[in-house]
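Q: Below: sequence and its predicted model.
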Amino acid sequence: MGWLDRFRRAAPPAPDPAEDALAAFRAGDYAAALALWEPLARAGDARAQANIGACFAEGMGVPLDPPLALKWLTLSAEAGHPPGQRNLAALYLRGGRGVETDFARAADLYRRAAEAGDGLAQDMLSWMLLEGEVMPADPAEARLWAERAAAQGVAASMTRMGMLYHHAMGVERDVAEAARWWSRAAALGDADGQAMLGAAHHLAAGVPADGVSALAWLLRAEAGGSALARPFMPAVRAALDPAGIAEAERRAKEPLP
């Protein structure tokens, strides 16, 4: 082996601007991330275009600018990049300065991204099919997309699966299956899933009656911002003695497994 071969084998890998940008973004250095993404985006990189568009849409590292977000996200979406389609759908869903709300366009983009396998788009499509405001309600299809999103670890879809089974929407009612889905979502930190698991323990719906566990999950849910916890809180507290309340409060502060 010659010296040139040895030098090549020992040479460090070339820097990857896309990975460096993502690392900077995750560290909160949005300006550095944008500086690395810009040349990639101008060269036609759909992922960089989607990321720049998302930054303009949310005001991360740059002033909030919906028209610029629309420009970059449209380029990414037209290139077939699922996160670009999903973020463009979110922009059309809420509208903003210089961007007209377009529910039909948003629904189409969410569906395209969902069909391409984007878990967060699958979750949103499931939600829209269940709510029936942006598109006609279809609980059976909502369950299909929620299952696919849940399989990718999207906790909100796990909570929705629990709701579908609990309320018999597109499936036969099965409170044990509902509680199983809420348990998975709760363990991943979804506040609504935690609220519903707490309520299930309070009502013995699919899980054993357990006031301490009920209050612990409801407290986590309330701290996470779930409005679903509030209606159950007075009755659950009233059923416990001071020692039980103290134990629930202790559990609620523990890290999730």
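A: Sure thing, it's come through. Numbering: from 1, shown residues only.
Q: For the closest residue to residue 89 other than its chain neighbours, identify the helix or strand it belongs to.
A: Counting by CB to CB, 6 or more residues apart in numbering, residue 89 lies nearest to residue 109, which is 3.7 Å off, once chain neighbours are set aside. Placement of C-beta: from N, CA and C, glycine included. Secondary structure from DSSP states H and E places residue 109 in helix 103-115.
Q: same question, residue 185
A: Using DSSP H and E, residue 185 falls within helix 175-187.
Q: And for the helix holding residue 109, what's in contact with it?
A: Residues outside helix 103-115 that contact it (CB atoms under 8 Å, 6 or more residues apart in numbering): 77, 82-83, 85-86, 88-90, 92-93, 121-122, 124-125, 128, 134-135, 145, 148.
Q: hey, C-alpha coordinates of that helix in PDB?
A: Extracted in PDB, the C-alpha atoms of helix 103-115 (Å, rounded to 0.1, in the frame of the first residue of the first chain):
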ATOM      1  CA  PHE A 103     -58.700  24.000   3.400                       C
ATOM      2  CA  ALA A 104     -59.100  21.900   0.200                       C
ATOM      3  CA  ARG A 105     -55.400  22.500  -0.700                       C
ATOM      4  CA  ALA A 106     -54.300  21.700   2.800                       C
ATOM      5  CA  ALA A 107     -56.300  18.400   2.800                       C
ATOM      6  CA  ASP A 108     -54.800  17.400  -0.500                       C
ATOM      7  CA  LEU A 109     -51.300  18.100   0.600                       C
ATOM      8  CA  TYR A 110     -51.800  16.200   3.900                       C
ATOM      9  CA  ARG A 111     -53.100  13.200   2.000                       C
ATOM     10  CA  ARG A 112     -50.200  13.200  -0.400                       C
ATOM     11  CA  ALA A 113     -47.700  13.400   2.400                       C
ATOM     12  CA  ALA A 114     -49.600  10.700   4.400                       C
ATOM     13  CA  GLU A 115     -49.700   8.400   1.400                       C
END
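Q: Toward the C-terminus, what is the element adjacent to it?
A: By DSSP H and E, the next helix or strand past helix 103-115 is helix 119-131.
Q: Following element in sequence after that next one, please.
A: Moving toward the C-terminus from helix 119-131, the first helix or strand encountered (DSSP H and E) is helix 139-151.
Q: same question for the first helix or strand past that following helix going along the chain, mean pLDDT?
A: Of the helices and strands lying after helix 139-151 in sequence (DSSP H and E), the nearest is helix 155-166. Here helix 155-166 scores 98 as its mean pLDDT.
Q: again, but for stretch 233-249
A: 97.
Q: ends of it, how far apart?
A: Stretch 233-249 has its terminal residues 13 Å apart, counting by CA to CA, to the nearest Å.
Q: who touches that stretch?
A: With CB under 8 Å, 6+ apart, stretch 233-249 has contacts from 198, 202, 211, 212, 213, 214, 215, 216, 218, 219, 222.
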